[in-house]
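coords below, sequence missing:
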């Protein structure tokens with residue numbers, strides 16, 4: 001699976017851990033930055049990852065900032081993106097199964113590397129369930145129009 005990963009300065013260290021986890025799990029991860037701990041603006045990286053997902057260039061995205069809140073707000077501004085901020089594996093799996101989420105947001109100041117790996121694993125293993133959830137996701141798409 002091709003996955004775009006991005007962070008701001010607060011998420012830089014956790015992003016490196018997530019990239020290592022993805023590669024060890026056999027996924028093709030593309031790092032969209034940032035490249036250092038130097039202060040930067042999270043919307044720039046959220047937009048780059050979200051656009052890669054919305055265009056189909058990658059299948060999924062993962063965004064990391066201090067709390068994950070800013071990244072999730074920014075990513076959800078891009079049509080076609082359903083970004084979910086998750087702090088534990090259950091929500092990450094259901095974000096995929098019920099909401100067809102295509103971007104996972106994490107807070108580096110909220111979750112550590114071990115929990116982040118569990119959350120990412122749950123997100124990647126989830127598959128959209130369809131059925132009654134399809135109607136609801138279609139209504140989300142309608143909100144974008």
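Structure received. Keep in mind the model is a prediction, meaning the values are calculated, not measured.

quickly find the element holding the most centrally placed residue in the chain.
Residue closest to the average C-alpha location in the chain (C-alpha atoms, centre = their mean): residue 104, at 2.3 Å. Taking DSSP states H and E as the criterion, residue 104 maps to strand 103-107.

give me the contact list for that strand.
11, 14, 18, 49-50, 53, 60-69, 71-72, 75, 81-87, 92, 95, 116, 119-120, 123 (C-beta atoms under 8 Å, 6 or more residues apart in numbering). Heads up, the C-betas are built off the backbone N, CA and C, glycines and all.

so where do the helices sit in the chain?
Per DSSP state H, the chain carries helices over the ranges 12-24, 42-55, 69-75, 89-99, 113-125, 132-144.

in TSV, list these along with mean pLDDT and distance to residue 6.
Below are these laid out as TSV (pLDDT from 0 to 100; distance: least, C-beta to C-beta, whole Å):
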stretch	mean pLDDT	distance to residue 6
helix 12-24	98	7
helix 42-55	98	4
helix 69-75	98	8
helix 89-99	98	17
helix 113-125	98	14
helix 132-144	95	21
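
just put the ones you listed in CSV and tack on distance to residue 1.
Below are these laid out as CSV (distance: least, C-beta to C-beta, whole Å):
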stretch, distance to residue 1
helix 12-24, 9
helix 42-55, 12
helix 69-75, 18
helix 89-99, 12
helix 113-125, 7
helix 132-144, 20
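
can you list those in TSV and add mean neighbour count?
Listed next are the helices of the chain as TSV, based on neighbours: other C-beta atoms under 10 Å:
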stretch	mean neighbour count
helix 12-24	18
helix 42-55	21
helix 69-75	23
helix 89-99	19
helix 113-125	19
helix 132-144	11
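
okay then, goodbye and thanks.
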